[in-house]
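Q: Need coordinates for the following:
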Amino acid sequence: MAINSGPRPRAQRWARAIYDAYPTLHGIRYASSMLANQPLVALFERASHSIPTQPSFNRALSDPLLGDAIANAALKCNYKIV
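A: Down below sits the predicted model:
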């Protein structure tokens, strides 16, 4: 718990140690301190081949069609839209 909710330098040291110890690992799954310990994934640069070079969907955040999706995401994350 201290790794994901403590000072960032501690988590960064752990991430560097894991990166060095497991050269074929592409990322880390961790409990988010911002989202009530929900699982999130942080990818290392060695996973870049797994990410598409072009998005499958692209709209400006100001696009009215995204209003509901943005509002739902903000609600889920307990964020305020300004």
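
Q: Just to be sure, A42 is in a strand?
A: Yes - according to DSSP: H, G, I helix; E, B strand; the rest coil, A42 belongs to a strand.

Q: Need the residues that contact the helix or strand containing N72.
A: Element membership for N72 (DSSP states H and E) is helix 67-77. Taking contacts as Cβ atoms under 8 Å, 6 or more residues apart in numbering, the residues outside helix 67-77 that touch it are 34-35, 61, 79-81. From N, CA and C alone the C-beta is placed, and that goes for glycine too.

Q: can we see that at 10 Å?
A: Residues external to helix 67-77 that are found in contact with it (Cβ atoms under 10 Å, 6 or more residues apart in numbering): 32, 34-36, 38, 59, 61-63, 66, 79-82.

Q: Which strands and helices lie in contact with the lengthiest helix in the chain?
A: Secondary structure assigned by DSSP state H gives helix 8-21 as the longest helix of the chain. Contacts defined by 3 or more Cβ pairs under 10 Å, 6 or more residues apart in numbering; DSSP states H and E place helix 8-21 against helix 2-5, strand 27-31.

Q: May I see the buried residues of the longest one?
A: Meaning strand 27-31. Residues 27-28, 30 are the ones in strand 27-31 that count as buried (16 or more other Cβ atoms under 10 Å).

Q: packing partners for that strand?
A: Going by 3+ Cβ pairs under 10 Å, 6+ apart, strand 27-31 lies up against helix 2-5, helix 8-21, strand 39-43.

Q: can you put the ones you listed in JSON lines and add mean pLDDT?
A: Below are the helices and strands packed on strand 27-31 laid out as JSON lines (pLDDT from 0 to 100):
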{"stretch": "helix 2-5", "mean pLDDT": "66"}
{"stretch": "helix 8-21", "mean pLDDT": "90"}
{"stretch": "strand 39-43", "mean pLDDT": "90"}
